[in-house]
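# the following block contains a protein sequence and its predicted model.
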Amino acid sequence: MNGPTTAQQRDRLVDIASRVLGIAVFGSLLIAMSIIAVPKVMLLLVNGIDAKAGFDLLSNTADLVFLALLVGIFVVRHRPVRKQPGAGPRIAALLAALGLPYVVLLPRFDNPTAVLIAAFLGVIGNVFALVTLAKLGKSFSIFPEARRLITTGPYALVRHPLYLAEELVIIGMIVNHLHVVSVLAGLVHLGLQILRMGWEERVLESAFPEYSTYRSRVRRFLPWIW
């Protein structure tokens, strides 16, 4: 029996490397945010929880759960059946997926209204992301890859529900850490996400012939709009 080809070995190494990178990046961010959250929780236990603090705590908890779920999915996800060729899509995907979440380490924008808006967006976005990830399961990927076609649940609302959820969370992060760096990073991130959607759709359409029918009836990113 013939062994794996050079291309198959390379793909296997890339898959392993992406797993390790995802676990390392999201795991380190999970640890960093957990360290930041502990003193805040201790302070709340001493001073009590008002509406603002409650929303902030809920938002932070949702962030932590989301990151923990991402780490777990990187460990158990399926191998892809089709990939977008070239280094460009992989680089763009890494920049979009792994870079922007670190805006949470910028100084907080200490404004009560901003905190409430950020917390609301964070909770809504993270809950939607958790539902989407639960539906996506082992098919989650950072790179433009096809593992299996999912068209139900959040995917009946838009073709890229995880990106929609992510943008809600990121807008909340930017509001909570308002800075020229976070705003510029957010604009770059949105552009990269739009590129990723196009690449992913090409891969899915080549792997699953029924994807064209699905794409014709479900909006890409914004329900009933686009």
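Received it, and whenever you're ready, just let me know what you need.

# just the helices in this structure please.
Using DSSP state H, the helices of the chain run over residues 6-47, 51-76, 87-98, 112-136, 161-176, 180-207, 211-217.

# around P144, how many other residues sit close by?
For P144, the tally of surrounding residues (other C-beta atoms under 10 Å) stands at 25. The C-beta positions use only the backbone N, C-alpha and C, and glycine is treated the same way.

# helix or strand with the lowest mean pLDDT in this structure?
strand 82-83 (a mean of 62; mean pLDDT, DSSP states H and E).

# coming back round to it: could you tell me the least trusted of the helices of the chain?
Ranked on mean pLDDT, the bottom entry among the helices of the chain is helix 87-98, at a mean of 68.

# count the residues that sit near F128.
Other residues within reach of F128 by the criterion other C-beta under 10 Å amount to 19.

# also V38?
V38 has 10 neighbours, counted by other C-beta under 10 Å.

# then the one 3 residues further on?
V41 is surrounded by 13 other residues when neighbours are defined as other C-beta under 10 Å.

# and the nearest residue to it once chain neighbours are set aside, what is it in contact with?
Leaving aside its sequence neighbours, V41 sits nearest to L57 (C-beta to C-beta, 6 or more residues apart in numbering; 7.1 Å). The neighbourhood of L57, defined by C-beta atoms under 8 Å, 6 or more residues apart in numbering, consists of 40-41, 44, 49.

# can I get the helices of the chain in a markdown table including distance to Y155?
What follows is the helices of the chain, written out as a markdown table (distance: least, C-beta to C-beta, whole Å):
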| stretch | distance to Y155 |
| --- | --- |
| helix 6-47 | 21 |
| helix 51-76 | 16 |
| helix 87-98 | 19 |
| helix 112-136 | 7 |
| helix 161-176 | 6 |
| helix 180-207 | 11 |
| helix 211-217 | 8 |
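
# return the most buried member of those helices.
Highest mean neighbour count among the helices of the chain (mean count of other C-beta atoms under 10 Å): helix 161-176, with a mean of 22.

# who touches that one?
Applying C-beta under 8 Å, 6+ apart, the external contacts of helix 161-176 come out as 59, 63, 66, 100-101, 103-104, 108-109, 114-115, 117-122, 124-126, 128-129, 132-133, 136, 140, 154-155, 158, 182-183, 185-186, 189-190, 193, 196-197, 221-222.

# if we go to 7 Å?
Contacts to helix 161-176, defined as C-beta atoms under 7 Å, 6 or more residues apart in numbering, come from residues 59, 100, 103-104, 108-109, 114-115, 117-118, 121-122, 124-126, 128-129, 132-133, 136, 154-155, 158, 182-183, 186, 189-190, 193, 197, 221.
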